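Q: mind folding the following:
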Amino acid sequence: MIVFRDLLEVPEDFGPSVIAIGKFDGVHAGHRAVIEQLKARAAETGARAVAVTFDRNPLAVLRPDRCPENVVTVDRKLELLGELGLDATLLLTFDEALAALSAEDFVSEILVGALKVSSVLVGQDFRFGHRGAGTPELLRELGPRHGFTVEVVDDVYLPGSSRRVSSTWIRELLIEGDVAGAARVLGRYPDVRGVVVHGLKRGRELGFPTANLSTIVDAFVPADGVYAGWLVDHDSGIRHPAAISVGTNPTFDDVLERQVEAHVVGETGLDLYGHDVSVVFTDHLRGMVAFDGIEALTAQIAADVADADRVLRAQTE
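A: Next up is the predicted model:
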């Protein structure tokens, strides 16, 4: 997938394009459904399949007091979009200049002028242009003038659910630690990616060494607690079963920042320091609690590792 980070990077002969526009935060099941429709329309006409998105949540500029934390970083968003078979993504810098661009100019300069749009897909609540004046209805008015069609995509609902799929719902589930629920809404297991760094080595002292992720990760971290999941070593390409801890280690009360650390089940001699890894969350095992002493903590860790092993074996059978 080609990534254009500026309109000037788009070749003059690029297009025609079928375009979907949105924040695509998390690239969840609803976004994936839109992308599948996008690719089908592009295949029907021989056009390019293109996503148009932003380098930040527009609220970060328009209403920073109301801007939620992103489900994933911009780089992770582009990576996820790239896995869906798009031809290109245009990443627009959402700054004061873009916020001031009229809806009509957004269409003529970006969609028509740069991308040669032949069809555009948007959600019913999509707004664009200065003060959100652009609507699907305005796009339909402008379409005949510029030679493109408009398709308003229905909201996506999970089977048996009356709530539409959204990034807000995903954040709520992750805040609750419901990673299995978040996986259903995302259409994939939630994960975070970072570099393995040195910690206090307390897990090693207790007989359960862990890979500690740096505090800089590329996604929304689930609630404090213990999880079953996988540690994916991007340097080696190996996926390891893991018992995962998120929190500040309340038993010792000497960790100032939340940490994500993963113990690889059945392995004690792995050296992962400096490795680029992802921690994938599949099941919530328990909440984070303080224990009365080392013996109780060690016994619970052993039980957590056994539970993680049992859960992950059941997934792969």
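
Q: quick one, grab the pLDDT at the nearest residue to Ala223 once chain neighbours are set aside.
A: Leaving aside its sequence neighbours, Ala223 sits nearest to Gly177 (CB to CB, 6 or more residues apart in numbering; 3.7 Å). The C-beta positions use only the backbone N, C-alpha and C, and glycine is treated the same way. pLDDT, Gly177: 97.

Q: neighbours of Gly177, how many?
A: Neighbours of Gly177 under the rule other CB atoms under 10 Å: 22.

Q: check contacts around it.
A: 222-225, 227, 284, 287 (CB atoms under 8 Å, 6 or more residues apart in numbering).

Q: now the phi/psi pair for it, please.
A: Gly177 has phi and psi values of phi 80, psi 10 when expressed as degrees, to the nearest 10.

Q: including distance to Leu138, secondary structure and pLDDT, could the contacts of Gly177 go into JSON lines?
A: JSON lines is the format used below for the contacts of Gly177 (distance: CB to CB, whole Å; DSSP: H, G, I helix; E, B strand; the rest coil; pLDDT from 0 to 100):
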{"residue": "Pro222", "distance to Leu138": "39", "secondary structure": "coil", "pLDDT": "97"}
{"residue": "Ala223", "distance to Leu138": "41", "secondary structure": "coil", "pLDDT": "97"}
{"residue": "Asp224", "distance to Leu138": "45", "secondary structure": "coil", "pLDDT": "96"}
{"residue": "Gly225", "distance to Leu138": "46", "secondary structure": "strand", "pLDDT": "96"}
{"residue": "Tyr227", "distance to Leu138": "45", "secondary structure": "strand", "pLDDT": "98"}
{"residue": "His284", "distance to Leu138": "44", "secondary structure": "strand", "pLDDT": "98"}
{"residue": "Gly287", "distance to Leu138": "48", "secondary structure": "coil", "pLDDT": "93"}
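
Q: need the strands for the chain, in chain order.
A: For the chain, the strands defined by DSSP state E occupy 2-4, 17-21, 48-54, 88-92, 117-123, 149-153, 191-197, 211-213, 225-233, 238-247, 259-264, 276-286.

Q: need the winner for burial among those.
A: strand 17-21 (a mean of 27; mean count of other CB atoms under 10 Å).

Q: need the CA coordinates for stretch 116-133. PDB is fine.
A: Output in PDB follows, covering the C-alpha atoms of stretch 116-133 (Å, rounded to 0.1, in the frame of the first residue of the first chain):
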ATOM      1  CA  LYS A 116      -9.500  11.900  -9.100                       C
ATOM      2  CA  VAL A 117     -12.400  10.400  -7.100                       C
ATOM      3  CA  SER A 118     -15.000   8.400  -9.000                       C
ATOM      4  CA  SER A 119     -16.900   7.200  -6.000                       C
ATOM      5  CA  VAL A 120     -16.800   8.100  -2.300                       C
ATOM      6  CA  LEU A 121     -18.000   6.000   0.700                       C
ATOM      7  CA  VAL A 122     -18.800   7.700   4.000                       C
ATOM      8  CA  GLY A 123     -20.900   7.000   7.100                       C
ATOM      9  CA  GLN A 124     -24.200   8.700   7.800                       C
ATOM     10  CA  ASP A 125     -22.600  10.900  10.600                       C
ATOM     11  CA  PHE A 126     -19.600  11.900   8.600                       C
ATOM     12  CA  ARG A 127     -18.800  15.600   8.700                       C
ATOM     13  CA  PHE A 128     -16.000  17.500   7.000                       C
ATOM     14  CA  GLY A 129     -14.900  21.000   6.100                       C
ATOM     15  CA  HIS A 130     -14.900  24.200   8.100                       C
ATOM     16  CA  ARG A 131     -17.200  23.900  11.100                       C
ATOM     17  CA  GLY A 132     -18.400  20.500   9.900                       C
ATOM     18  CA  ALA A 133     -20.500  22.000   7.200                       C
END
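
Q: residues making contact with that stretch?
A: Counting by CB under 8 Å, 6+ apart, 14-22, 34, 37-38, 41, 45, 47, 99-106, 111, 134-136, 139, 143, 146-155 sit against stretch 116-133.

Q: write the ChimeraX selection for whichever of the residues you listed are buried.
A: Buried residues among these (16 or more other CB atoms under 10 Å), as a ChimeraX selection:
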select :14,15,16,17,18,19,20,21,22,34,37,38,41,47,101,103,104,106,111,134,135,136,139,143,148,150,151,153
